[in-house]
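Asks: 3D, please:
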Amino acid sequence: MRFPLVILLVLLSLHGYSQNLDNYIQVISNTSLNFSLNTVAKIEADQTISNALTLQLSSKDKNREVYARVSSVTSPSGFTLTSPYPVKLLFVSHNSSNVSNLVSTALQLTNTDQRLFSQKKLNSDVQFIYSLIFAATNWSYPPGNYSFTILYTLTPP
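Replies: Residues are numbered from 1 along each chain as shown. Okay, here's the model as predicted:
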């Protein structure tokens, strides 16, 4: 008997202005952010949504850092997920000439802020594209629906 493991990643794609129109971050979903793990092969291997989302930001006043974390999780009744979570962000590309401290390997998300990159002030919007990975659970999660909310933060260093 097969039990599907359905993963729903909740992404708030609202305009999130951390300071004002000169200093903001916006998360844009480029595709559906759902994983449906309904075969043995999918449960035992990482699943990737390529180019899943774009972080668009502006940093015209000061240098900024961008962080990500899982802010909330839901899971089947009776099962409690703990950090770190099986959700990873993988950097794909950017159009910035002033980026530093860029994490270019797959970053497994936790319930605490993790820096994705630092951005020096600039006079135009920049975009960072990320793939989304659901790491293999290897049968450690019971069948059911799971959702993860990822929170992105733009802050001064």
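Asks: Every contact and neighbour count from this point should use C-alpha atoms.
Replies: OK.
Asks: which residues of the protein fall in helices?
Replies: Assigned by DSSP state H, the chain shows helices spanning 40-43.
Asks: Quick check: which ranges of it have low pLDDT?
Replies: Scanning the chain with the threshold set as pLDDT under 70 gives 1-20, 123, 157.
Asks: 50 instead, please
Replies: 1-3, 11-18 (pLDDT under 50).
Asks: For residue 49, which non-adjacent residue is spatially closest?
Replies: Distance criterion CA to CA, 6 or more residues apart in numbering; nearest residue to residue 49, sequence neighbours excluded, is residue 132 at 5.2 Å.
Asks: ok, the one you found to residue 46 distance?
Replies: Going from residue 132 to residue 46 by CA to CA, to the nearest Å gives 10 Å.
Asks: Comparing those two, which shows the higher neighbour count?
Replies: Neighbour count, other CA atoms under 10 Å: between residue 132 and residue 46, residue 132 has more, with 22 against 16.
Asks: separation between the nearest residue to residue 29 once chain neighbours are set aside and residue 32?
Replies: The shortest distance from residue 29 to any non-neighbouring residue, by CA to CA, 6+ apart, is to residue 53 (4.5 Å). Distance, residue 53 to residue 32, by CA to CA: 10 Å.
Asks: again, but for residue 150
Replies: 15 Å.
Asks: just residue 22 next, same as before
Replies: Distance of residue 22 to residue 32, computed by CA to CA: 29 Å.
Asks: Which one's more surrounded, these two?
Replies: Taking other CA under 10 Å, residue 22 and residue 32 do not tie; residue 22 has more neighbours (18 against 13).
Asks: quick revisit: which residues pair with the residue nearest to residue 49 across the strands?
Replies: As for beta bridges, residue 132 partners with residue 49, residue 89 under DSSP bridges.
Asks: Can you name the residues that contact it?
Replies: 48-53, 87-90 (CA atoms under 8 Å, 6 or more residues apart in numbering).
Asks: now, the most widely separated pair of the residues you listed?
Replies: Pairwise distances across these peak at 14.8 Å for 51 and 87 (criterion: CA to CA).
Asks: Between these two, which is the more surrounded one?
Replies: residue 87 (24 against 18).
Asks: I'd like to know how far the closest residue to the more buried one other than its chain neighbours sits from residue 156.
Replies: With CA to CA, 6+ apart as the criterion, residue 87 has its nearest non-adjacent residue at 4.8 Å, and that residue is residue 134. Distance, residue 134 to residue 156, using CA to CA: 30 Å.
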